[in-house]
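Student: build me a model:
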Amino acid sequence: MSIDDPEDLLGALDRAIRPVRRPNPLVLAYRWRYEIALLVAVFFAVPWFAALSPPVAIGLAALVVLPLGVPPARRFAWRRLRAIVLQHRLRTAFVRARVTSNAGRIPVILWTSPRSHADRALLFLPAGLTGRLLATEADRVAVACDGTHAEVVAVRDHRVLVWLVIVRA
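Tutor: Below you'll find the model as predicted:
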C-alpha cells in the first residue's frame, strides 16, 4: 500500500474503521469442532469407562497411553495439537492485523499442516481480499503464530486459494 495510490489508501481506511463481522453459529461450531468433539467424547466415555471392571479399565488406559511412548505417534499427536492451536492463532491474528474483506470477513482456514521448521495453512480468501493484501500483513500474522516471517504462495489456477507458510526457525 502506498500513500500515492488513493484506492489503496481508501481500502486501508475502510478496513481500519469497519468492524470485523462476527461468525454465525454454524461457523463458530466449525471453528471449535475439535474441542466440541472432545467434550462430547468425554461426556459419553466417562460413565462407560467408570462402569468397567478395574482390570479392563487399566488395560484400555494402557492402550491409549502406550502409543505416546512411540516417537512417530507422539510427533503425530503433537503436530495435530499444534495444528488446532495454529488455527485459533491465525484467526486472532487476522482480526488484529485487519486482514479482512470489505464486508469484514476473515479468510477461511481449510487445512493446517505443521512441519518441523514451518507451518502451512491453506486459506480460502473471501471476496474483496487478495493474496497481495495478505502478503503485506504476513509478518504480523507470523509473529502471532510464533514465527519469524511468513510467505503467501498462490495455488495454481485458483485466485481465492493461497498457502500461508509461517517459518519458525
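
Student: give me the nearest residue to Val108, chain neighbours excluded.
Tutor: Using CB to CB, 6 or more residues apart in numbering and skipping the chain neighbours, the partner closest in space to Val108 is Phe124 (4.2 Å). All C-beta spots, glycine's among them, are computed from the backbone N, C-alpha and C.

Student: max-length strand in the protein?
Tutor: strand 158-167 (DSSP state E).

Student: which secondary structure elements does that strand contact?
Tutor: In terms of contacts (3 or more CB pairs under 8 Å, 6 or more residues apart in numbering; DSSP states H and E), strand 158-167 is packed against strand 118-124, helix 131-136, helix 138-144, strand 149-155.

Student: using CSV, list the CA coordinates for the second one.
Tutor: Spelled out, it's helix 131-136. The C-alpha trace of helix 131-136 is given here as CSV (Å, rounded to 0.1, in the frame of the first residue of the first chain):
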residue,chain,number,x,y,z
GLY,A,131,-3.2,-12.5,-1.6
ARG,A,132,-1.3,-9.3,-2.0
LEU,A,133,-3.1,-7.7,0.9
LEU,A,134,-2.5,-10.8,3.0
ALA,A,135,1.2,-10.7,2.0
THR,A,136,1.5,-7.1,3.3
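
Student: coming back round to it: who's in contact with the longest strand of the chain?
Tutor: Contact partners of strand 158-167, identified using CB atoms under 8 Å, 6 or more residues apart in numbering, comprise 86, 90, 110, 117-125, 131, 134, 138, 141-142, 145, 147-155.

Student: swap the cut-off to 6 Å and go again
Tutor: Contacts with strand 158-167, where a contact means CB atoms under 6 Å, 6 or more residues apart in numbering, come from 118-125, 131, 142, 145, 147-155.

Student: could you check the angle strand 149-155 makes with it?
Tutor: Orientation check (axes from the mean of the first three to the mean of the last three CA atoms, to 10 degrees): strand 158-167 against strand 149-155 gives 150 degrees.

Student: so for strand 158-167, mean pLDDT?
Tutor: Average pLDDT, strand 158-167: 92.

Student: tell me the strands beside it, with direction?
Tutor: Strand pairing for strand 158-167, using DSSP bridges, gives strand 118-124 (antiparallel), strand 149-155 (antiparallel).
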